[in-house]
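> show me the folded form of this:
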Amino acid sequence: MKNWRWLKGIGLGIFMAGGATAIHAAEPLPQPLQPLRLAQSYTDLVAVSLFQHYSAGYPAPILTEGLSSRQIDSIHLSFVRRLIGDAGDEGSVVGYKVALTNTKAQSQLGISHPLYGFLLENMLLEDGATLPLEFGSRPQAEGDLMVRVGSADINQADTDLELLAGLDAVIPFLELPDLVYEEDAVVNAGALVAVNVGARYGVMGNPVELESGDSGLDQLANIRVVLNNDRGQFLVDGESSALLGHPINSVRWLRDTLLTQGVELRPGDLLSLGSVTSLVSLDAGTDIMGIEARYFGLRDNERSVDLEVSFEVDDD
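Below is the predicted model:
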């Protein structure tokens, strides 16, 4: 099974003491923890219910209140396994999504660190893709930034320059996440982890080669993203410094978190490093029928690298 490397743990839980949401290691197929049969049955029901809401595009209530980190573990694992099964041939895990790289967003959820989820092949779209306007339960858009692992040496890297040397490309990434839960729901870290930190879709641009040495760190540090609607009107913008102060810090956090659980990054892994811009809501009633994302600073020249996604309304 092609996803064992990512899902060979007995859980994908919240480890608050260590400041990380983490994956544990075991194999061949992950088995949820079973402290009590009744508790295990409940977590199975929660995972099924959340997945059904996610699949149907219908906002879910909060079902994780009062659950332990082990129970959240079980729900997240079950949810991701269902995503993989539902995606069929496009269900390969191709990387990771870092969430909550903004300290204000972290504090709103009662934590002091990011979280992460998994990216599947079927979540990644080409530039110019078209999606239903209501592509999720609570569809959103945001300017994100992605890098690609180029060398397994990244797992032994100590300095920022050594981490950079383990990457081979930076990629513009217009993320289209799904908040999943009802609009008035009080979402905490456990609820977000349970639904794979809201990963749904994202439009990928062409990889841009990373410069070496300090120039590469400067390249990552000075990226600006602007989102416009389909009429060219400004929506939001942001700087790559929003990613834990510097995108390489997001890389380090994710790498360290995975290593504590016995999982190493591999060449080709795609790392979505977090939100550069604030969220743009695409909930019912929006007049946004497309989004253009403009990335400045990816290359030395002053020209932007642009991505587009269009939305269509279901006549039914």
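
> tell me where the model's unsure across the stretch 201-316 of the chain.
Within the stretch 201-316 of the chain, the stretches with pLDDT under 70 are 315-316.

> next, give phi and psi for Gly150.
Phi and psi for Gly150, reported as degrees, to the nearest 10, are phi -110, psi -20.

> and if you look at Glu65?
The phi/psi pair for Glu65 (degrees, to the nearest 10) is phi -60, psi 130.

> how about it, what does it touch?
Shown in contact with Glu65 (CB atoms under 8 Å, 6 or more residues apart in numbering): Ala191. Any C-beta I mention is one placed from the backbone N, CA and C, and that applies to glycine too.

> now do it against Val197, distance only.
Here Glu65 is placed at a distance of 18 Å from Val197 (CB to CB, to the nearest Å).

> what of Leu125?
Applying CB to CB, the value for Leu125 to Val197 is 18 Å.

> out of the two, which sits in the more crowded spot?
Legend: neighbour count by other CB atoms under 10 Å for Leu125 and Val197, higher for Val197 (23 against 17).

> what about the strands in the stretch 201-316 of the chain?
Along the stretch 201-316 of the chain, counting by DSSP state E, counting those that start in this stretch, strands occupy 201-204, 208-209, 224-229, 234-239, 270-275, 280-281, 290-296, 305-312.

> now render these as JSON lines, adding mean neighbour count and distance to Gly88.
Shown next, in JSON lines, are the strands of the stretch 201-316 of the chain (neighbours: other CB atoms under 10 Å; distance: least, CB to CB, whole Å):
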{"stretch": "strand 201-204", "mean neighbour count": "22", "distance to Gly88": "16"}
{"stretch": "strand 208-209", "mean neighbour count": "14", "distance to Gly88": "31"}
{"stretch": "strand 224-229", "mean neighbour count": "21", "distance to Gly88": "31"}
{"stretch": "strand 234-239", "mean neighbour count": "16", "distance to Gly88": "34"}
{"stretch": "strand 270-275", "mean neighbour count": "26", "distance to Gly88": "20"}
{"stretch": "strand 280-281", "mean neighbour count": "16", "distance to Gly88": "30"}
{"stretch": "strand 290-296", "mean neighbour count": "21", "distance to Gly88": "28"}
{"stretch": "strand 305-312", "mean neighbour count": "18", "distance to Gly88": "23"}
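
> out of the ones you listed, nearest to Asn155?
Set against Asn155 and scored by CB to CB, those come closest in strand 270-275, at 13.0 Å.

> direction included, what does the closest one pair up with?
strand 93-99 (parallel), strand 140-149 (antiparallel) (DSSP bridges).

> in TSV, list those strands along with mean neighbour count.
Formatted as TSV, the strands paired with strand 270-275 follow (neighbours: other CB atoms under 10 Å):
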stretch	mean neighbour count
strand 93-99	24
strand 140-149	25
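
> format these as TSV; extra columns: mean pLDDT and distance to Leu119.
TSV is the format used below for the strands paired with strand 270-275 (pLDDT from 0 to 100; distance: least, CB to CB, whole Å):
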stretch	mean pLDDT	distance to Leu119
strand 93-99	96	4
strand 140-149	98	9
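
> turn those into JSON lines, including distance to Leu282.
Output for those, formatted as JSON lines (distance: least, CB to CB, whole Å):
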{"stretch": "strand 93-99", "distance to Leu282": "18"}
{"stretch": "strand 140-149", "distance to Leu282": "6"}
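
> now the helices for this structure?
37-56, 69-87, 103-108, 160-165, 189-194, 213-221, 247-260 (DSSP state H).

> which secondary structure elements does the fourth one contact?
Helices and strands in packing contact with helix 160-165 are listed as helix 213-221, helix 247-260; criterion 3 or more CB pairs under 8 Å, 6 or more residues apart in numbering; DSSP states H and E.

> what sits up against the last one?
Helix 247-260 has contacts (CB under 8 Å, 6+ apart) with 18, 20-23, 96, 98, 101, 113-114, 116, 145, 147, 154-155, 157, 160, 163-164, 167, 217, 220-221, 223, 240, 243-244, 264-265, 271, 273-274.
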